[in-house]
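Asker: sequence plus the predicted model coming up.
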Amino acid sequence: MNSGIPTVDLSPFFAQGDEEGKRNAIKIIGHACSEYGFFQVVNHGVPVELMKGALALSKKFFNHPTEEKLKSGPVPGMPIPGGYTCQPERSADKNDYFMMFPPGSSFNVYPINPPGFRDILDEMFSQFVNTGRIIENIINECLRLPSNLLMEYNDDRMWDLMTAYRYFPATKTENTGVAEHKDVNCITFVFQDEVGGLKVQKEGNWIPVTPVEGMLVVNVGDVIQVLSNDKFKSVSHRVVRQARDRYSYAFFYNIGGDKWVEPLPQFTKEIKEAPKYKGFLFKEYLQLRSRNKTHPPSRPEDVISIKHYSIPAQ
Ligand SMILES: O=C(O)CCC(=O)C(=O)O
Ligand SMILES: [Fe+2]
């Protein structure tokens with residue numbers, strides 16, 4: 001099926017000896033990350049039955065009455081709201097969502113209903129972390145970095161996040177599910193139900209990502225764009241609401257908040273290219289980006305994006 005973004009089979013990374021298969025996948029992913037910022041993967045290690053179960057249980061959860069869902073609402077004082085949240089009326093984004101931190105984090109607030117949802121969420125999260133490590137390693141190879149450089153740099157898994165979303169049906173006058181944005185993190189995974197609605201920007205057009213059962217959509221975020229000094233791109237995407245409710249999951253393979261993010265020497269000094277970004281602490285950028293949401297600037301040019309740290313070419 002032609003969904004408009006490249007598709008890659010990751011099975012060579014789960015078998016011994018298929019070096020050619022690996023090289024081929026690495027080539028497609030490298031091209032996808034520099035041209036699209038997006039690709040999608042099959043045989044990615046996350047069991048398809050688990051993905052289907054996770055969607056089925058999230059549908060049940062979101063169809064509970066609001067009072068029931070709010071029992072797993074965020075605890076006051078959390079840095080980011082964990083648990084169940086509905087977007088405020090004034091937000092352009094029209095969805096409600098459940099967000100969690102790594103299994104075992106004291107910030108997690110799990111729903112009791114539907115039964116089994118908690119176990120499935122924890123399992124999904126752990127599977128996503130495993131696939132995240134594999135894709136991080138592939139990106140390390142695509143960028144021809146010294147072995148394990150990204151893995152050793154990105155060694156704090158406590159900042160990873162997973163969100164289950166429910167998008168409301170479009171109305172006659174508006175259909176924004178999630179407004180156009182670029183992800184802040186390293187690598188994002190998304191899977192959507194058959195309703196669809198995810199769109200990716202390419203050369204001024206919006207490419208729809210056709211939903212395929214068991215497929216994981218992967219995109220690189222701002223951190224990879226900065227580390228690679230723009231070799232790999234963090235690309236704008238959005239969710240367009242459809243005639244009926246749409247359900248999806250997103251997993252954000254992040255980096256530790258205290259990490260310093262700047263273009264790597266392999267893409268600057270070592271090849272005599274000027275860095276395109278100033279360095280920054282990841283948590284400071286996260287804070288600026290969440291302020292866009294809590295205190296939306298009135299002038300569009302004041303909305304903070306990764307451009308905030310860019311160094312103009314001399
Ligand atoms: O729900 C989706 O398909 C994608 C959501 C998204 O882009 C995000 O949470 O950053
Ligand atoms: Fe996103």
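Answerer: Perfect, I can see it now. Ligands and ions are numbered 1, 2, ... in the order given.

Asker: the strands in the stretch 51-200 of the chain, which residues?
Answerer: 83-86, 95-100, 161-167, 176-181, 187-192, 198-202 (DSSP state E, counting those that start in this stretch).

Asker: partners of the first one, with directions?
Answerer: So that's strand 83-86. Its sheet considered, strand 83-86 pairs with strand 95-100 (antiparallel) by DSSP bridges.

Asker: near ligand 1 at all, the partner strand?
Answerer: No: figure legend: strand 95-100 not in contact with ligand 1 (CB under 6 Å from any ligand atom); closest approach 7.7 Å. For every residue, glycine as well, the C-beta is placed using N, CA and C.

Asker: quick one: neighbours of K259, just the number.
Answerer: Residues lying near K259 (other CB atoms under 10 Å) number 17.

Asker: actually T294, sorry about that
Answerer: Applying other CB under 10 Å, we find 7 residues neighbouring T294.

Asker: so what's E180 closest to, chain neighbours aside?
Answerer: Excluding its sequence neighbours, the residue lying closest to E180 (CB to CB, 6 or more residues apart in numbering) is R238, at 4.4 Å.

Asker: host element of the one you found?
Answerer: In the assignment (DSSP states H and E), R238 maps to strand 237-240.

Asker: list the beta-bridge partners for the closest residue to ligand 1 within the chain.
Answerer: Nearest residue of the chain to ligand 1 (CB to the nearest ligand atom) works out as S248 at 3.7 Å. Taking DSSP bridges, one finds Y165, Q192 as the beta-bridge partners of S248.

Asker: tell me how many other residues crowd it.
Answerer: The burial count for S248: 26, using other CB under 10 Å.

Asker: how close does it sit to N24?
Answerer: Distance check for S248 against N24: by CB to CB, to the nearest Å, it reads 29 Å.

Asker: what's the answer for T131, then?
Answerer: Per CB to CB, T131 is found 19 Å from N24.

Asker: got it, and Q40?
Answerer: 16 Å.

Asker: more neighbours: the two, which one.
Answerer: Higher neighbour count among Q40 and N24: Q40, with 23 against 14, using other CB under 10 Å.

Asker: how about the residues of the stretch 151-300 of the chain by ligand 1?
Answerer: Counting by CB under 6 Å from any ligand atom, the stretch 151-300 of the chain sits next to ligand 1 at 163, 165, 178, 183, 190, 192, 198, 237, 239, 248, 250.

Asker: report the contact partners of the residue nearest to Y247 when sequence neighbours are not counted.
Answerer: Using CB to CB, 6+ apart and skipping residues adjacent in sequence, the residue nearest Y247 is D193, 4.6 Å away. By CB atoms under 8 Å, 6 or more residues apart in numbering, D193 lies in contact with 55, 211, 246-248.

Asker: which parts of stretch 201-218 are buried?
Answerer: 201-202, 207, 209-212, 215-218 (16 or more other CB atoms under 10 Å).

Asker: dump those to a markdown table, plus pLDDT and distance to G116.
Answerer: Supplementary listing: these in a markdown table, determined by pLDDT from 0 to 100; distance: CB to CB, whole Å:
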| residue | pLDDT | distance to G116 |
| --- | --- | --- |
| Q201 | 98 | 37 |
| K202 | 96 | 39 |
| I207 | 96 | 36 |
| V209 | 97 | 29 |
| T210 | 96 | 30 |
| P211 | 97 | 24 |
| V212 | 97 | 25 |
| M215 | 98 | 24 |
| L216 | 98 | 22 |
| V217 | 98 | 26 |
| V218 | 98 | 27 |
